[in-house]
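> Any chance you could fold what I've pasted below:
(chains A and B)
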Number of protein chains: 2
Amino acid sequence: MDFSSFLTSIATSFIIFLVLVLIFSWLSGKDSNKVIYYPNRILKGLEPWEGTKTRNPFAWIGETFRSTEKDVIEMAGVDTAVYFVFLGTVLGILVLSGIVLLPVLLPVAATDNNVKLKQSTTNGTFSNLDKLAMGNIQVQSTRLWAFLIATYWVTIVTFYLLWKAYMHCTNLRVAALSNSQMKPEQFAILVRDIPPMPKGQTRNEQVDSFFRKLHPETFYKSMVITDIKQANKIWEELEGYRKKLARAETIFAASKTVKKPEGTKPTNRTGFLGLIGPKVDTIDFCNEKIKELVPKLEKEQSATIQEKQQASALIFFTSKMAAASASQTLHSKMTNSWTIMEAPEPCQLIWKNLSIKFWARQIRERIVYFIVFMTVVFYMVPITFVSAFSTLKNLRKLLPFLKVIVDKPAIKTVLEAYLPQLALIVFLALLPKLLLFLSTTEGIPSKSHTVRAASGKYFYFIIFNVFLGVTIGGTLFSSLKTILDEPKKIISMLGGTLPGNATFFITFVALKFFIGYGLELSRLVPLIIYHLKRKYLCKTEVEIKEAWAPGEVGFVTRVPNDMLIITIALCYSVIAPLIIPFGVAYFGLGWLVLRNQALKVYVPTYESNGRMWPHLHARIIAALVLYQITMIGYFSVKEFVFTVFLIPLPVLSFIFTYVCRKRFYLGFEFTPLEVVCQSSKETPDMESIMEAYVPRCLSSMEKFDTA
Amino acid sequence: MDFSSFLTSIATSFIIFLVLVLIFSWLSGKDSNKVIYYPNRILKGLEPWEGTKTRNPFAWIGETFRSTEKDVIEMAGVDTAVYFVFLGTVLGILVLSGIVLLPVLLPVAATDNNVKLKQSTTNGTFSNLDKLAMGNIQVQSTRLWAFLIATYWVTIVTFYLLWKAYMHCTNLRVAALSNSQMKPEQFAILVRDIPPMPKGQTRNEQVDSFFRKLHPETFYKSMVITDIKQANKIWEELEGYRKKLARAETIFAASKTVKKPEGTKPTNRTGFLGLIGPKVDTIDFCNEKIKELVPKLEKEQSATIQEKQQASALIFFTSKMAAASASQTLHSKMTNSWTIMEAPEPCQLIWKNLSIKFWARQIRERIVYFIVFMTVVFYMVPITFVSAFSTLKNLRKLLPFLKVIVDKPAIKTVLEAYLPQLALIVFLALLPKLLLFLSTTEGIPSKSHTVRAASGKYFYFIIFNVFLGVTIGGTLFSSLKTILDEPKKIISMLGGTLPGNATFFITFVALKFFIGYGLELSRLVPLIIYHLKRKYLCKTEVEIKEAWAPGEVGFVTRVPNDMLIITIALCYSVIAPLIIPFGVAYFGLGWLVLRNQALKVYVPTYESNGRMWPHLHARIIAALVLYQITMIGYFSVKEFVFTVFLIPLPVLSFIFTYVCRKRFYLGFEFTPLEVVCQSSKETPDMESIMEAYVPRCLSSMEKFDTA
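Reported below is the predicted structural model:
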């Protein structure tokens, strides 16, 4: 890529970004769009914006900058605050690196002339950008010392800021946990793998007697997990009819105009998708169905509670300390039975995973790891398969009605060119969902944990396939063979091929943040969908509310993508320091845009009190180690004899990881007693705590523990 | 080694063994030797043997066979019982393997003739033993199928018996822990890394307030660990003088004969080792010294308690359940402070290690691992160094007075031949002590743990240097380089060189058990030392008692040696099945001899309730994996195409390890609540529990917690 096309690409992206920001500023001031741009504030019962009626279009920037961490925690929870610690830390790493690297390395590189020398012999394309990179330094040059010291500088900066961030996140977590609020999950533990019932005892009696014996003073009650699949199905059907009824009533009320005061009763067909079957009056039909389903649900509810009990239970304690202590203690002498863990938040509980047994969980985990490994390594295979399947020829055979369109030459050309890419895009778009599904299949009992697990898997995918794929070139599979045969080669492979792709990645980062954050901020897609839905589909208030429901930040895909950028930025930081400003722009803009979104748009559905941090920390360190290995490789390519001085770096990284793990990790895995004891003075309302855990499909019952 | 010299060697060993057994049978019946052959029974207040006055010399065999596991636990504790589970399991593995392998593989091997073929061409030494081994099978022969199935059989037998043994040990541990005895360690936890004292609080107040807040109902008292080095020194000095006084008084009393009723007052010199300085009356001198030291000790005691407090403490709880629960719970929000663990037994506590801080422990551990690694890999270096140093020429220079002896030609030859070997023997004899010292230096707070750690280190040493050293030949260092360069080579190295050493190892095993167990049973060395001491040194009852003190079983060296034998037996089980009977003999005789010793001789000094089992289990599995890899290598050498069928074996072993770990390990790491709750009815005598933990040098004080 030559310099002008590089500039063009950056400029185009920037203009698109500016346009999107302007669109946002314009649209977000409109009253009808408030629910799209300020749903989080609206749902929390706040005004979309404070103060004056009219709004400065760029007021959001100031508001975002003025917002404190406390505001973020209040509006979006600790998890989001931790995510901003992550963004801030990465931004800090890049800024501190840039301050030293840009003024030092750019002149050192620019005044050497390795690129020119090479160019005159091989007649390659010349690029001004390459002159500013480490590639322009001649082999064995003493100038390489500057780069070597820079490599150390980046590492030290990373260590320092990561340490501070870990400390900060620990404090955030401690503050959240020692909060005097009565969160139900703080009074409960989850016990799985309960052994078979002894004769003459019900499951409830078995669980109660076990825990009453071991915690005679603090045990409150237990709630046995049941198989709610059937009950849930009936409940969902019932809810469906209730919604339909509400909708029909609204339509009926709206049809009562002055001209036609009796109105038109809405009708529907009872068959498949409302398309076939006899026509009926919707209101009557729904009322009838509801009348039918309510007793059915009640019957199913009591059947579920009495007969469908599983080998797991939630145990409630009368104090936070007792629950925290019990969740960390080995209870049974058979260590694979009565396995205990902290109870997840009620809303996070993946009910259907709770009954999966100990060994089944182990086996599922292994199988999922294997599938993910295969997906990462052979991800090209299903795409090739889908591509082959979706060639025009096959499509015509399978779906003959497409013949008319497909046979037109113009359409044919376009389709032939884009079908494989389309397959790739569809696959990549489905991947996070697949990974989330796989993580859930592992048997993890809480949603936040599945999100972390899926995000981790996606990270591997993205690093291996996008980063290493582009860098080393070709499919990962062929490289993998070389690596397995001679593990040492990976260093020279990274060092040898990475630098050539610097410009590509700079453009990639620029595109990513300009377009990505522009779209994120302007929320064009949700806006259009909302307005379409409101106009043509939604009738009741509930339906409209559902149409603008903002959802959550979506860490599953966001975190791995950020990780890809930090990996790229770190790996090229010394090789081509010009990438640093782009990295700074990515995380700076990201911080600004997402802070706005966190404060005003997204509504988190769960709270894990910053459990995500160790996950983020480990992956930043992984990126750092990749960077260090790359540098060792590249310095070797430059035949620099003092490359050996870089070998301590990965070792230091491992020591740092170990120290951080020892120093901080336990606090994220368990709840320290000291933390929960600070607020255990009040007497909790135990009934409401238990009620929070009753699944919706069972909750209309008078009491859960009547069985 | 040809067949006749092999037989000679075995026969010689066997005769020595028989002689030693006869010596034992004869000597153990004598009254004056009772304290050597039955000290454990005598110390427990039992008669050396039950029933008749005279004793059948071979009664011990019957008694040993009749003894139950309960007897072993009563006489020698759970740890010893677990060791017998280990011996029994290994014996079972070898017996079950032998029952199938010997009748099947020996005929299959004997009727082929690969050895003859080879011998006729290379003119090597012919051996009848080699005809009975896998080496006699021709390459690519279908007979190899029998060996392949045998390889699976040994693995399955090992898995089955190990699983049963782990289950059995778990039950032993649970039974021991749920025992209704009031063991002090069940009411205490050990807390280390207490943060600096807040202003205006003493260490005691700080610890008490922290734990009282977190365990308001079950906290009893705390005992802050102090630096007792100085107090201990004074106490030991005092004890020394007390002993000396008792001895002098006995001598004085004995000297009062009829002829000389006033007796001779014993005297000694006060200077270096009692050799120089003025002569004084020993009784007066000691009395004076004791009078001097008692107030000094008292002063030091109160100074220790008040001023030398360390950042660790023992915390006592009023119930076993509270202690078990607290020992597993994270207490502090700073996860590297207030680190908690189960309290070791009072007698196991390594007092001086308790004050080592968190990071210091981590660093010590790493440094010790590094030293051990270097010792294992470069163990030849110090020996070479010592050998060089101890050549005759150097010795003459350093110790000129040896000249007269050294210069005699006969002595010179002998010395020159044996000096290097002597250095090796001294080094190998010192190694367990060195490893125990290193393990203690790690900062481990309990003795049983240091013994496990040292035994683990010794295992690596013995496997790498003795087993792999002999097999692969040459120093490990040169092999290691090849292995590091091409990891795959280790398989072919093992497969290629192991079979040649079968006869060597058979002889080795035979020598080991015949001579080793013969000496063990006859206790010739302790017997001679005891009689010498009693005759020439001991004067008082206490001194005599000390002279026959039997000591403990000594797992540090015993376990790794057993592990070496099981490794050898497993690795050769299919290659040269003839080794199995020798392995059976080793573990069978070991069981018999050691059971006698455990019941009658050794007195264990601590009880870890079978914590050793996971350690033993892991090492048997390690031996099994080594065996499986060897077999893969050897089948490849035999060019057997179905060798691939062996690849699942190591994988199965890893799965088995994982399953066992998940299923059982937690129960050995922590105390399950269920286990301690069964016996928490009685009210414990808390004062005596705390007193058990007061170190001897502080125990003459009225009360520990007066500070």
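
> which stretch of helix or strand covers A:Val191?
strand A:188-192 (DSSP states H and E).

> close to chain B, is that strand?
No. Strand A:188-192 stays clear of chain B (C-beta under 8 Å from any C-beta of the partner chain), getting no nearer than 12.2 Å. C-beta coordinates here come from the backbone N, C-alpha and C atoms, glycine included.

> Output the contacting helices and strands for that strand.
Using 3 or more C-beta pairs under 8 Å, 6 or more residues apart in numbering or on different chains; DSSP states H and E, the elements in contact with strand A:188-192 are strand A:309-317, helix A:320-327, strand A:339-342.

> following it, which helix or strand comes up?
Sequence-wise, the next helix or strand downstream of strand A:188-192 (DSSP H and E) is helix A:203-214.

> Nearest spatial neighbour of A:Lys34, chain-adjacent residues omitted?
Excluding its sequence neighbours, the residue lying closest to A:Lys34 (C-beta to C-beta, 6 or more residues apart in numbering or on different chains) is A:Pro48, at 4.8 Å.

> Next, the one you found: secondary structure please.
coil (DSSP: H, G, I helix; E, B strand; the rest coil).

> give the contact list for it.
A:Pro48 is in contact with A:34, A:37-38, A:41-42, A:600, counting by C-beta atoms under 8 Å, 6 or more residues apart in numbering or on different chains.

> Only the buried subset of those residues, as a PyMOL command please.
A single PyMOL command is used to select the members of the contacts of A:Pro48 judged buried by 16 or more other C-beta atoms under 10 Å in any protein chain shown:
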select buried, chain A and resi 34+37+38+41+42+600
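
> any chance of the contacts of A:Pro48 in JSON lines, plus secondary structure?
Shown next, in JSON lines, are these (three-state DSSP):
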{"residue": "A:Lys34", "secondary structure": "helix"}
{"residue": "A:Tyr37", "secondary structure": "helix"}
{"residue": "A:Tyr38", "secondary structure": "coil"}
{"residue": "A:Arg41", "secondary structure": "helix"}
{"residue": "A:Ile42", "secondary structure": "helix"}
{"residue": "A:Lys600", "secondary structure": "helix"}
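
> Tabulate the contacts of A:Pro48 (a markdown table), appending pLDDT.
As requested, those are exported to a markdown table (pLDDT from 0 to 100):
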| residue | pLDDT |
| --- | --- |
| A:Lys34 | 82 |
| A:Tyr37 | 85 |
| A:Tyr38 | 86 |
| A:Arg41 | 85 |
| A:Ile42 | 83 |
| A:Lys600 | 87 |
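
> out of the contacts of A:Pro48, which one sits closest to A:Gly583?
Closest approach between the contacts of A:Pro48 and A:Gly583, by C-beta to C-beta: A:Lys600, at 26.1 Å.

> In space, what's closest to that closest one - neighbours in sequence excluded?
Distances taken as C-beta to C-beta, 6+ apart put A:Tyr38 closest to A:Lys600, at 4.9 Å, once the chain neighbours are dropped.

> just to revisit the earlier point, ok, the strand holding A:Val191: who's next to it in the sheet?
In the sheet, strand A:188-192 lines up against strand A:309-317 (antiparallel), strand A:339-342 (antiparallel) (DSSP bridges).

> Most tightly packed of these?
Ranked by mean neighbour count, the strands paired with strand A:188-192 are led by strand A:309-317 with a mean of 24 (mean count of other C-beta atoms under 10 Å in any protein chain shown).

> pLDDT of that strand, averaged?
On average, the pLDDT along strand A:309-317 is 90.

> Hmm, A:Pro684 and A:Thr318 touching each other?
Yes. A:Thr318 is within contact range of A:Pro684, at 7.2 Å (criterion: C-beta atoms under 8 Å).

> Find residues that contact each of these two.
Residues within reach of A:Thr318 and of A:Pro684 at once, by C-beta under 8 Å, 6+ apart, are A:Phe187.

> For A:Pro198, grab the count of nearby residues.
9 (other C-beta atoms under 10 Å in any protein chain shown).

> Can you name the residues that contact the closest residue to it other than its chain neighbours?
Spatial nearest neighbour of A:Pro198, chain neighbours left out: A:Gln206 (6.5 Å); criterion: C-beta to C-beta, 6+ apart. Applying C-beta under 8 Å, 6+ apart, we find A:Gln206 in contact with A:194, A:197-198.

> What is the burial count for A:Ile367?
By the measure other C-beta under 10 Å, the count of residues near A:Ile367 is 13.

> Which elements pack onto the helix or strand where it lies?
In the assignment (DSSP H and E), A:Ile367 maps to helix A:358-377. With contacts defined as 3+ C-beta pairs under 8 Å, 6+ apart, helix A:358-377 has these neighbours: helix A:409-441, helix A:447-461, helix A:476-485, helix B:648-660.

> Which positions in it come out as buried?
For helix A:358-377, the neighbour count (16+ other C-beta under 10 Å) marks A:358, A:361-362, A:364-365, A:368, A:372, A:375-377 as buried.

> Which member of these is positioned nearest A:Tyr160?
Using C-beta to C-beta, the buried residues of helix A:358-377 come closest to A:Tyr160 at A:Val376, 32.2 Å.

> how far away is that closest one from chain B?
Computed as C-beta to the nearest C-beta, to the nearest Å, the A:Val376 to chain B distance reads 21 Å.
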